[in-house]
Each structure stands twice: as structure tokens, then as C-alpha cells.
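Chemist: sequence and computational prediction follow.
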Amino acid sequence: MNTGDFEFLRGFLKGKSGYTLEEGKTYLLESRLWPVLRRWNYPDFSTLVLAMRGFADPRLLSEVVDVMMDYDTCFFRDFSPFQHLKKSVLPQLIDNRKSNKRLRVWCAGVATGQEAYSLAILLKESGIYARNWKVEILATDISNSILDAARQAIYTQFAAQRGLPIAYLLRYFTQLSEQKWQVNQDLRKLVTFQRSNLLEDIDSIGTCDLIVCRNVMVDFDETTHVQILNRLGRMLSKDGYLVLGKDAATPDGFVPAVEGEGIFRLAPA
Amino acid sequence: MQEPVKRTCLVVDDSQVVRKIARKIFEEMGMSVYEAANGDEAVTVCRGAMPGVIMLDWKMPGMGGMEFLKWLRSVPGGEGPKVIFCSVETDKKRIAQVLNAGANEYIIKPFDADIIRDKLLWADAL
């Protein structure tokens, strides 16, 4: 792809979606766009850009935006925090709760659902559902339309593969059409989706053993950030875990549970 | 026994376009990339030195991906490479067959850089 084509596509994406593609990410753009190239029978990227510059088919333009846009969310995002959840955090929580067999998980800012379904897969794989535990997975977001998408749990073939190992795709998904996959009903029913605004009505959610809030905190200013973290701290059970973004600093009142992974516990009183 | 060479990847695909895209993605991840257009060429490469990762297409003229995978897993040192099978096939039973034959991960084509990186992570190949 030549520099002119890259700059055009970069400007186009910024205008359509607000998404800023970093300089020098030509390979990323190419790897995302070559399936589009194939579907539309364009011999090279210059021809694609030429088609976009003219009286372009709106379907082409929306396809180009779509392949770039599901960028920020994926199953098991960042990989390593979920490995720690799987190998140490969840086993510890399950051990702590083995007498009453109850677990409450809250996924805040769930967007199109991948994070909640990733947690549901880990909990399912842990075997506690088979042992008749009462597990609640609550997933909230501020947008009703995005929650509808999350409940439907239909993903493009790209999105369904991003972050997901083939074993889980085979076990928990069904192919609907050439490009669409849906999370199976038995996994979907484990997650309760609910509209909620982190700035308003979260206290009604009640005490949770695991709070996962990895995507939304960056949207808030410093004061709000601290207020929300304080509230999350009060909602967490004493031996519970809070999972923030991988690079999050340790919030006041917390200690790292896994160093450098954004996984925290309440500091001893 | 000979260990696979770390941070090397063999891309086996009859499409030159796919090999080119895959090469770029693996090189961005700091891997050295070798190419083969079918299973026969891949056998030749592996007889020289086992790569750390093999990205393997299913249907190719000459030796196909399944046949190559069975050969690989049967030879000394052939259990070492992490094999990422990569095909347009989406039938679950057929996919299960290649996993049973020894593939570590499976990518449904088309792929992008994120998908390849994530599959390598799950296959413990990064």
C-alpha cells in the first residue's frame, strides 16, 4: 500500500468513526482490508481507494469501517489477565465460597458482550455449574442498543476468532451464515445484561465477588475516577477481586493481587 | 532430540497472496519466516530444521495440509512445532479432525494480524 492510499484510508476512518490509526500501521490496515479486497474483486489497494474516492457503493464504505471498528473489544482481551483469572483468581474465589456455593460477578462497561462471555466461559470451564453452584454474571453498559447486540451475541467471523481459541469456538458457538457466529443459548443464559450508568445507579447492584471494569475508566476525569473506584471498593466482598485495565495504577484502598495485570484486592483494614 | 528453532515460522499455503500477508504479520512479531507452497515443500524445509511455528493451509496441489500434519507428527522432533491450521473450512467435525491429528490451533480464513497473534498466544507459541 502506498503512502497516499494509507493517508486517504486513515483520514476516511477518522472522519467516519473518530478512530485514529497510528502512523506506520500499514500492515494492520492491509491485513484487515485484504478480505474486503477479495470480496469486491479489486486487484490491489490502489483500486480499492480509487473506488472509495469516486461515487462509492455505501456498502463498500460501511464494510471498510466495520472491519476496522471492532478493534477495541475482543474475547479474552489482553490474554494474560484472563489467564490469571483462570489459573489463580477464580480457583481462589471458588475455594473461598465452597461452603455456600455462591458467586456474584459484575462486568461493567461490557459493550458488545465479549468480556462477559469470556468470563462465562471460564466459570463454565471451572466446573462449578455442574456442581450446582448459584452463579450470577451481571453485565452492564450505558447504551441500550449495544446491550441488545450483546444479548444477541452474534459476531462476525473476525470478531468470533479474535481472542478466542478454536476449542471454545467449537464448544460455545454456532455458525449462522458464512460470516456470522452466535454464542450458544446455554452460555448466553448465564449472563444477565442490564442498563446501568457507573455515575448513577450502581449501588443497587449489591455486593460482588469479582468486579471487572476494564474498558470504561479511561473515559472519566480524575475526580470521577476516584469516586467510582471508592464505590466499587464498597461493593466488593472482603476477599473479592477488582479487575481494571492492564496498565491501571493501584487504586487507594487496594493492593495488587497479580502484579502488573490490573488485578487488585482490598487492602487489609 | 532436535528442538524446533525458536522464533521461526513456516508458512505453508499455495496462495502467494496469503503467504505474503502472513509473512508480513509474522515478521512484525519479530519472527523469521520461511515459505512453502505445499506439503511436499514443507517436508523439505522441516527435514532441514524444525520451525517453531507452522501455519498450514488445508487444500493444496500436491501434499495437502492434513497429510503433511500426519507426516510431521510421526517423525522424530515433529511433535515440537506449534501447528496453526488455517483454512476456509468451517465445519466443526472437520475442524475437530485436524485438532485430533495434532494441530495446536485453527484459524478460519480470512485472518488478520490480531487473530494470528491471539491464536499463537493460546497455542503457547509466543
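Modeler: Great, that's in hand. Residues are numbered from 1 along each chain as shown, chains lettered A, B, ... in the order given.

Chemist: give me the element the residue nearest to residue B:92 when sequence neighbours are not counted is part of.
Modeler: Counting by Cβ to Cβ, 6 or more residues apart in numbering or on different chains, residue A:170 is the residue found nearest to residue B:92 once chain neighbours are left out, at 5.3 Å. Where you see a C-beta, it was placed from the backbone N, CA and C, and this is true even at glycine. Assessed by DSSP states H and E, residue A:170 sits inside helix A:166-172.

Chemist: which positions in chain B make contact with chain A?
Modeler: Applying Cβ under 8 Å from any Cβ of the partner chain, one finds that chain B approaches chain A through B:17, B:21, B:24-25, B:28, B:90, B:92, B:95-96, B:99, B:105-108, B:110-115, B:118-119, B:121-122.

Chemist: list of residues touching the strand ranked longest in chain B?
Modeler: Counting by DSSP state E, the longest strand found in chain B is strand B:5-12. With Cβ atoms under 8 Å, 6 or more residues apart in numbering or on different chains as the contact definition, strand B:5-12 has outside contacts at B:18-19, B:22-23, B:26, B:30-39, B:41-42, B:45-46, B:49-57, B:60, B:65, B:68, B:81.

Chemist: mind giving me the packing neighbours of the helix holding residue A:170?
Modeler: The criterion is 3 or more Cβ pairs under 8 Å, 6 or more residues apart in numbering or on different chains; DSSP states H and E, and the helices and strands that helix A:166-172 contacts are helix A:114-125, helix B:92-100, strand B:105-108.

Chemist: nearest to residue A:25, out of those?
Modeler: Ranking those by distance to residue A:25, with Cβ to Cβ as the measure, places strand B:105-108 first at 21.0 Å.

Chemist: what helices or strands is the closest one leaning on?
Modeler: Going by 3+ Cβ pairs under 8 Å, 6+ apart, strand B:105-108 lies up against helix A:157-161, helix A:166-172, strand B:82-87, helix B:92-100, helix B:113-122.

Chemist: again, 6 Å this time
Modeler: In terms of contact count using 3 or more Cβ pairs under 6 Å, 6 or more residues apart in numbering or on different chains; DSSP states H and E, strand B:105-108 is assigned the packing partners strand B:82-87, helix B:113-122.

Chemist: deepest-packed of these, please.
Modeler: Here the criterion is mean neighbour count by mean count of other Cβ atoms under 10 Å in any protein chain shown, and of these the winner is strand B:82-87, at a mean of 24.

Chemist: run through the neighbouring helices and strands of it.
Modeler: The elements that strand B:82-87 packs onto, with contact taken as 3+ Cβ pairs under 6 Å, 6+ apart, are strand B:51-56, strand B:105-108.

Chemist: against chain A, how distant is the residue most central in space within chain B?
Modeler: With distances taken as Cα atoms, centre = their mean, residue B:55 lies nearest the centre of chain B, 2.0 Å away. According to Cβ to the nearest Cβ, to the nearest Å, residue B:55 and chain A sit 13 Å apart.

Chemist: dump the helices and strands packed on helix A:166-172 to a markdown table, plus distance to residue A:160 and mean pLDDT.
Modeler: As requested, those are exported to a markdown table (distance: least, Cβ to Cβ, whole Å; pLDDT from 0 to 100):
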| stretch | distance to residue A:160 | mean pLDDT |
| --- | --- | --- |
| helix A:114-125 | 9 | 97 |
| helix B:92-100 | 13 | 97 |
| strand B:105-108 | 8 | 97 |
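
Chemist: reformat these as a markdown table; add distance to residue A:164.
Modeler: Listed next are the helices and strands packed on helix A:166-172 as a markdown table, based on distance: least, Cβ to Cβ, whole Å:
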| stretch | distance to residue A:164 |
| --- | --- |
| helix A:114-125 | 8 |
| helix B:92-100 | 13 |
| strand B:105-108 | 10 |
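
Chemist: list the contacts of residue B:123.
Modeler: With Cβ atoms under 6 Å, 6 or more residues apart in numbering or on different chains as the criterion, the residues that contact residue B:123 are B:82, B:104-105.

Chemist: for residue A:110, that is, sorry about that
Modeler: Going by Cβ under 6 Å, 6+ apart, residue A:110 touches A:116, A:139, A:141, A:150.

Chemist: same question for residue B:101.
Modeler: Counting by Cβ under 6 Å, 6+ apart, residue B:101 has contacts B:69-70.

Chemist: could you verify that residue A:47 is part of a helix?
Modeler: Yes. Counting by DSSP: H, G, I helix; E, B strand; the rest coil, residue A:47 is part of a helix.

Chemist: neighbours around it, how many?
Modeler: 14 (other Cβ atoms under 10 Å in any protein chain shown).

Chemist: same check, this time on residue A:55
Modeler: Here the neighbour count serves as a burial measure; for residue A:55 (other Cβ under 10 Å) it reads 5.

Chemist: so it, which state does it fall into?
Modeler: Here residue A:55 is coil, with the state taken from three-state DSSP.

Chemist: what does the one 4 residues further on give?
Modeler: Assigned by three-state DSSP, the conformation of residue A:59 is helix.

Chemist: residue A:47 versus that one, what's the distance?
Modeler: 17 Å (Cβ to Cβ, to the nearest Å).

Chemist: cool, residue A:167 as well?
Modeler: Computed with Cβ to Cβ, the distance linking residue A:167 and residue A:47 is 39 Å.

Chemist: just residue B:66 next, same as before
Modeler: Applying Cβ to Cβ, the value for residue B:66 to residue A:47 is 35 Å.
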